[in-house]
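Trainee: need a structure here:
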Amino acid sequence: MNDRFQLIVIGAGPCGIAVGAAAKKAGASCVLFDKGCVTSSLMSYPYYMTFFSTAVMLEVGDVPFTIPDAKPSRREALAYYRRVVERWEMDVRQYQEVTSVRGREGDFTLETRKADGTEETYHAASVVVATGIFDEPNLLGVPGEDLDRVHHYYHEPYAYHDQDVLVVGAGNSAVESALEMFRNSARVTMVHFLDKIDRGVKPWVVPDITNRLERGEIGVHWNSRVVEIRASSVILRDEATGTDTEIHNDFVVAMTGWRADHTPLRALGVEIDPETGIPTHDKCTMLTNVPGLYIAGVIAAGHNANKIFIENGREHGELIVSDVLTASGGG
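Mentor: Next up is the predicted model:
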């Protein structure tokens, strides 16, 4: 088994796959590792989600994304990225987690662990971290958040039928999950620390949620935060008055976003901006301050995941591979 590569990519999401495709086109030896399956990041999306971007803007590796409608569903995207992997005959090691990275440019050593516990060692001249942002949810940090009825990921509405559900947040995920649960007979209430839905909510969804809120079909507590989750209720606090309100509750769906795990980057000496969460990197090459170590995809956006999507993160692959080959004398 070949254990030495020009490039090792940690993460087999769409942007990691874009790096793999660019490497294959350039004739560079490359392997992708993921602790889950191919595009496991998309598995965290709601089952019936439709992308904001058109199919053509999600294409990678010169593989056409051909579907009847302009905007693909989660299911169509999952099938498409698997097809890209197959088209380029990428070496993707699924369910094989990278547990440590050490070394320097030209001589990185990576330790991995398979699902059955088998440990293996690989070597690479350069490494790309494309692990996305779904490692850890942004926690509310309140008593009761560890209760089983508190969910930080949303997939489908059916478990919430005829239940009192509190949706925390007012971004795309919060709004779409609230609407879907409402239409499947859940009694939905939203809570948000601001006084309106987020500006980034999809334009065609805004009238829908606005009408539901104005008619009282979905309840809402603006300028409020969750301060405690109890066995069958939730305590909300008005930010302006400090007044607490207790409401009956069966489930809390906290759509407060997620954050990347920067531990591997920090361990290698990558500098992370404490305010923005953005790893230090050259936007023209995606090279961090550590020679030979690159980042790709939304992890480069830090805390603001809305800055980088698949449609611009897919460009990182070509930038990285071009720089890798130039540094090694192959470009």
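Trainee: report the separation between Gly61 and Ala174.
Mentor: As defined by CB to CB, to the nearest Å, Gly61 lies at a distance of 33 Å from Ala174. No exception for glycine: its C-beta is placed from N, CA and C like everyone else's.
Trainee: do the same with Ala231
Mentor: Ala231 is 24 Å from Ala174, where distance means CB to CB.
Trainee: who has more neighbours, the two?
Mentor: Per other CB atoms under 10 Å, whichever of Ala231 and Ala174 has more neighbours is Ala174, with 25 against 8.
Trainee: C-terminal to the helix or strand hosting the more buried one, what's the next element?
Mentor: If you go by DSSP states H and E, Ala174 is part of helix 172-182. Proceeding N to C from helix 172-182, the next assigned helix or strand is strand 187-191, under DSSP H and E.
Trainee: so which bits of the following helix or strand past that following strand are buried?
Mentor: Going down the chain from strand 187-191, the next helix or strand is helix 206-214, by DSSP H and E. Neighbour-count burial for helix 206-214 flags Asp208, Ile209, Arg212, Leu213 (criterion: 16 or more other CB atoms under 10 Å).
Trainee: what lies in contact with the worst-scoring helix or strand of the chain on mean pLDDT?
Mentor: Among the helical and strand segments of the chain, the one scoring lowest on mean pLDDT, DSSP states H and E is strand 258-259, with a mean of 81. Applying CB atoms under 8 Å, 6 or more residues apart in numbering, the external contacts of strand 258-259 come out as Ile133, Phe134, Asp135, Glu136, Pro137, Asn138, His152, Gly277, His303, Ala305.
Trainee: leaving out the residues flanking it, which one is nearest to the third one?
Mentor: Leaving out its chain neighbours, the residue that sits closest to Asp135 by CB to CB, 6 or more residues apart in numbering is Asp261, at 4.0 Å.
Trainee: heading C-terminal from the helix or strand hosting Ala23, find the next helix or strand.
Mentor: Ala23 is part of helix 14-26 when elements are defined by DSSP H and E. Using DSSP H and E, the helix or strand that directly follows helix 14-26 along the chain is strand 30-33.
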